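> below are the sequence and a predicted model; questions follow.
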Amino acid sequence: MNRRRFFAFLPAVLLAGCGFELRRLEGIPFASLYIDAPQGGAVTQRIADALAASKQTRLAASADVADAVLHVGPEARSKTILSLSGAGRVTEYRLGLQLTYRITGKNGRTLASTEIIDLSREITYDDTQVLAKSAEEQLLYRDMDENAARRIMRRLQSLKPENGTS
């Protein structure tokens, strides 16, 4: 019994001893941030939720009172045929998400120039499993939304405070 516990806790002790830590939101070097984005964007909502949970940076009601402004362009989703079977039926799709963003300071100065996030995922398709494939498609889109939001959050974190507020 003791031997079993020892081997169960050994990986945890080894990971803790090597300094391994899960990635987490360290904080953004701005006291307030305004998000200028089209209504209803899933990526924008994930960013707003992450900022609200961190409690280090508050979401400003307008760009005038914010230390920085995150400008997010419209999210463009795509679904293209990747391959066909010999009978001409779709066997794979490529799902895509594309958006642009940039970050400006209080005085309108560019802190991060316009960047494009272009993500894609492949999905197999079987017309006998329409509901399951539809759920898988939504899951993949949700994963791309989360990935894009994390990329933008990491970019916000990388800005230096002395460059951020003026």
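Cool, the structure landed.
> ok, and what's touching stretch 119-129?
By Cβ atoms under 8 Å, 6 or more residues apart in numbering, the residues outside stretch 119-129 that reach it are 82, 89-98, 133, 136-137, 140, 143-144, 147-148. C-beta here means a position set from N, CA and C on the backbone, and glycine is covered the same way.
> can you get me the start-to-end distance on it?
25 Å (Cα to Cα, to the nearest Å).
> list the buried ones in that stretch?
The neighbour-count check on stretch 119-129 (16 or more other Cβ atoms under 10 Å) flags 119, 121, 125 as buried.
> who does the helix or strand hosting the second one pair up with?
Assigned by DSSP states H and E, residue 121 belongs to strand 110-124. According to DSSP bridges, the neighbouring strands of strand 110-124, each with its direction, are strand 90-105 (antiparallel).
> check the offset of the partner strand from the chain's centre.
Taking Cα atoms, centre = their mean, to the nearest Å, one finds the center of strand 90-105 at 11 Å from the center of the full chain.
> run the chain-centre distance for stretch 64-80.
Relative to its chain's centre, stretch 64-80 lies at 12 Å (Cα atoms, centre = their mean).
> so for that stretch, mean pLDDT?
Averaged over stretch 64-80, pLDDT sits at 94.
> ok, residues contacting that stretch?
30-38, 41-44, 47, 60, 63, 93-106, 111, 137, 141, 152, 156, 159, 164-165.
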